[in-house]
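Asks: dropping the sequence and predicted coords here.
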Amino acid sequence: MEAEAARYFGAALTMIGTIGAGLGIGVLVNGAMQGIARNPEASGAVQLNMIIGIAFTEAIAIYCLVVALLILLVA
């Protein structure tokens with residue numbers, strides 16, 4: 001019973017990393033929107049870089065999810 005509780009606790013701790021990814025995406029989009037508002041002509045380049053940044057940041061959240069699932073299903 002204690003081992004099962006430890007698995008759930010470990011998986012929950014692993015998912016804390018998604019908070020940072022969510023905050024990072026919010027900061028990234030905020031900066032991109034401000035950049036586009038100040039210079040609308042550069043919106044294409046800013047938007048492309050924003051999407052690439054979001055993809056890399058979201059990868060961190062996916063890694064957290066994979067590790068949490070491994071803890072739950074393998075351990």
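Replies: Now that the structure is in, tell me what you want to look at.
Asks: switch to C-alpha atoms for all contacts and neighbour counts from now on
Replies: Noted.
Asks: which strands and helices sit next to the longest helix anywhere in the chain?
Replies: Determined from DSSP state H, the single longest helix within the chain is helix 43-74. Judged by 3 or more CA pairs under 8 Å, 6 or more residues apart in numbering; DSSP states H and E, the packing partners of helix 43-74 are helix 2-14, helix 17-38.
Asks: now render those helices as JSON lines, adding distance to Ile62.
Replies: Converted to JSON lines, these look like this (distance: least, CA to CA, whole Å):
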{"stretch": "helix 2-14", "distance to Ile62": "11"}
{"stretch": "helix 17-38", "distance to Ile62": "8"}
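Asks: for those, which one sits closest to Ile54?
Replies: helix 17-38 (5.9 Å; CA to CA).
Asks: that closest one: which residues count as buried?
Replies: Within helix 17-38, the residues that count as buried by 16 or more other CA atoms under 10 Å are Gly17, Thr18, Ala21, Gly22, Gly24, Ile25, Leu28, Val29, Ala32, Met33, Ile36.
Asks: ok, the second one to Ile60 distance?
Replies: Using CA to CA, to the nearest Å, one obtains 7 Å as the distance from Thr18 to Ile60.
Asks: geometric centre of this structure: which residue is closest?
Replies: Geometric centre of the chain, nearest residue: Ala21, 2.8 Å, by CA atoms, centre = their mean.
Asks: hang on, isn't it packed against Tyr63?
Replies: No - look at Ala21 against Tyr63 with CA atoms under 8 Å: they stay out of range, at 10.7 Å.
Asks: measure how buried Ile51 is and give me the count.
Replies: Ile51 has 15 neighbouring residues, counting by other CA atoms under 10 Å.
Asks: where are the low-confidence patches of the protein?
Replies: Residues of the chain that meet the criterion pLDDT under 70 are absent altogether.
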